[in-house]
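> With the input below, show me the fold.
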Amino acid sequence: MATDAFTTAGFRLSVISEPQPDPAARELFPDGFQDLSTNPNFLFFVVEVPRRRGTAVGYRLGQLASRGSRAEPESAPAPVRWLRMTDSEIEITAELVHDLLQEQHPDLAGLAIREVAGGWDNQQWRLGDELAVRMPRTERAPDLQRKERRWLPVLAPRLPLPVPNPVRIGEPSARFPRPWTIRTWVPGEPLDYTSISRGDHAADTLAGFLRALHVEAPVEAPTSSDRGAHPKKCTDGFDHFLQAVAPGGIAADVRAVWDAAVAAPEWEGAPVWVHGDLHPANVVVSAGTLSGVIDFGDMFAGDPAWDLAAAWVVLPAGAASRFFDVYAHADEATIRRARGLAALKSLILMLMGQNGDRGLPGGKPTWGPAGRAALDRVLTGGLV
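Predicted structure coming up:
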């Protein structure tokens, strides 16, 4: 089986060709593999959907008859393959979180516990008014939390916006076999549930935040295996996502933006700190402007263009030019790469929105409109 995986906009998407389903998957979904077994060139998209009990199942999001043509996606995609199975059958509940606090941090166990909607690798619980408990629920989540615990205390003091700073560590135990984190709560409403009304202020705020973040990273800073590359190394993924979403009559315009990014020179500077996953669900808004940045689990050292894509993905229409003027450290090549990456991220947001509209687990109905609006900004917002 040949698999290309892309983790963008907070989701791990896999494009699988020449599928050879494993026996366990055949037993789980025997009907779902009949067409796959007879067509070795069949391509399909799957999204890993973490469940509360620690497993992830793949759901077909779109399908291609071949790499050069697109078949209409099914109206109700079916489960096609277990992508990841874990031994954990522990359901994360408020009672469990309280018990873990009582065992390891009893001074905090009396605070109110409220589940926070959203999340992918981690499930979050509000703890009182100023803290949150971050509980891992996918296999990669503990490593992401370790990265945040190691580096956010280093970065946070110089960042001009609140970020979720780790303050306590939960150790693996008989009740819960993975490490977990208590961190500061960043107040505000995620952008995928609200909007920015003060565009100039938000542009200035985001530019100042990224100028502060995008400094040369130390040699021991983390790298990324699934993001951070030059767009030319992501073309297969872009092709798949473009064909899966097929945004009406603008596909050629989207392709032109991507081709310009692929043709742009590579980042030649030293690797800088990059958030790596800036999109509407990972920034919060208060009083009509950006008030915080969350979810640093995918941070890495590399090309800042991966964050600068937020000029289109996060900011409202007309704000990108002001953003780059204030940021002041992006040359034309970097802006071209950033704009292409913004197109890629927009397509994936749209794909996740479609998934949500179909009622699939892990779908994000609010992401579809956010992705389409971002793509419109990419195409009409100027800058190279």
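> Check Trp120 and give its pLDDT.
Predicted confidence (pLDDT) for Trp120: 74.
> One more: the one 10 residues further on?
Model confidence at Glu130, given as pLDDT, is 97.
> Test my guess that it contacts Trp185.
Yes: contact status for Glu130 versus Trp185: in contact at 5.6 Å, counting by CB atoms under 8 Å. Every residue, glycine included, has its C-beta placed from N, CA and C.
> These two: who's more crowded?
Each of Glu130 and Trp185 has its neighbours counted (other CB atoms under 10 Å); Trp185 has more, 18 against 11.
> which stretches of the protein form helices?
Applying DSSP state H to the chain gives helices spanning 23-28, 34-38, 94-104, 141-155, 199-213, 235-245, 251-263, 305-308, 310-313, 320-327, 332-357, 367-380.
> Tell me which of these sits nearest to Met299.
Between Met299 and the helices of the chain, the tightest spacing by CB to CB is seen for helix 141-155, at 6.5 Å.
> what helices or strands is the closest one leaning on?
Applying 3 or more CB pairs under 8 Å, 6 or more residues apart in numbering; DSSP states H and E, we find helix 141-155 packed against strand 122-127, strand 131-136, strand 166-170, strand 180-184.
> Pick the most buried one from these.
Highest mean neighbour count of these: strand 131-136, a mean of 24 (counted as mean count of other CB atoms under 10 Å).
> I'd like the distance from that strand to the chain centre, please.
Centre-to-centre, strand 131-136 and its host chain are 18 Å apart (CA atoms, centre = their mean, to the nearest Å).
> Start the count at 659 instead of 1 going forward.
Sure thing, new numbering starts at 659, so read that last one as strand 789-794.
> Pairing partners for that strand, with directions?
strand 780-785 (antiparallel), strand 838-842 (antiparallel) (DSSP bridges).
> mean pLDDT for those strands: which is lowest?
In terms of mean pLDDT, the lowest-scoring of those is strand 780-785 (a mean of 94).
> Dump the C-alpha coordinates for that strand into PDB.
The C-alpha trace of strand 780-785 is given here as PDB (Å, rounded to 0.1, in the frame of the first residue of the first chain):
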ATOM      1  CA  ASN A 780      -6.400  16.300  22.800                       C
ATOM      2  CA  GLN A 781      -9.600  16.700  24.700                       C
ATOM      3  CA  GLN A 782      -9.600  19.800  26.800                       C
ATOM      4  CA  TRP A 783     -11.400  20.500  30.100                       C
ATOM      5  CA  ARG A 784     -11.700  24.000  31.600                       C
ATOM      6  CA  LEU A 785     -10.400  24.000  35.200                       C
END
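> buried stuff in stretch 1024-1038?
Using 16 or more other CB atoms under 10 Å as the test for burial, stretch 1024-1038 gives 1024-1026, 1028-1033, 1035-1037.
> what comes into contact with it?
Contacts of stretch 1024-1038 with the rest of the structure, by CB atoms under 8 Å, 6 or more residues apart in numbering, involve 667, 849-851, 905, 908, 911-912, 915, 937-939, 970-971, 973-975, 978, 997, 1000-1001, 1003-1012, 1014-1015.
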